[in-house]
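[1] no FASTA, just this:
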């Protein structure tokens, strides 16, 4: 089935961009969580990028769910689960809408 309407094509394009952005951000969060297990050089530009890109989101999650009594930070896991939900629900809903408008 092809999408012929401009609105359908635009929604499909936005769904694909959103899906790609969420996929990339999920991997940024995963890499950030992995490097937190070692002592990264805080002056490394890659480490600084990872912290600047993820800390605003992780900070908001930590405000809602503080670090547990064991000292384990579950905020990256929660963010990854939210991203998976957004990719599987919102993106798929946008794709279905695009094909209906098609």
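    Received, thanks. For clarity, every value in this text was computed on a predicted model and none was experimentally measured.
[2] need the nearest residue in space to residue 28, chain neighbours excluded.
    In space, not counting the residues next to it along the chain, residue 28 is nearest to residue 53; the distance is 5.4 Å by Cβ to Cβ, 6 or more residues apart in numbering. (Glycine included, C-beta is placed from N, CA and C.)
[3] same question for stretch 6-15, mean pLDDT?
    Stretch 6-15 shows a mean pLDDT of 94.
[4] buried residues, it. List them.
    By 16 or more other Cβ atoms under 10 Å, the buried positions in stretch 6-15 come out as 8, 11, 12, 15.
[5] so who does the second one touch?
    Same thing as residue 11. 94, 97, 98, 101 (Cβ atoms under 8 Å, 6 or more residues apart in numbering).
[6] ok, which pair from those is furthest apart?
    94 and 101 (10.6 Å; Cβ to Cβ).
[7] spatially nearest residue to residue 42, not counting backbone neighbours?
    For residue 42, the spatially nearest residue (Cβ to Cβ, 6+ apart) is residue 48, at 7.2 Å.
[8] show me where this protein has its strands.
    Per DSSP state E, the chain carries no strands over any range.
[9] in it, which spans are helices?
    6-35, 45-64, 75-85, 92-101 (DSSP state H).
[10] can I get the buried part of the contacts of residue 11 as one ChimeraX selection?
    This is how ChimeraX selects the buried members of these, with burial counted by 16+ other Cβ under 10 Å:
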select :94,98,101
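[11] where does confidence bottom out across the contacts of residue 11?
    residue 101 (88).
[12] I figured it hits residue 10, correct?
    No. The pair residue 101 and residue 10 fails to qualify as a contact (Cβ atoms under 8 Å) at a distance of 9.2 Å.
[13] just put the contacts of residue 11 in TSV and tack on distance to residue 66.
    Shown next, in TSV, are these (distance: Cβ to Cβ, whole Å):
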residue	distance to residue 66
94	34
97	38
98	40
101	44
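[14] closest to residue 2 among the contacts of residue 11?
    Of those, the one sitting nearest to residue 2 (Cβ to Cβ) turns out to be residue 98, at 11.1 Å.
[15] wait, what's in contact with that closest one?
    3, 8, 9, 11, 12, 15.
[16] before I go, just wanted to say thanks for your time.
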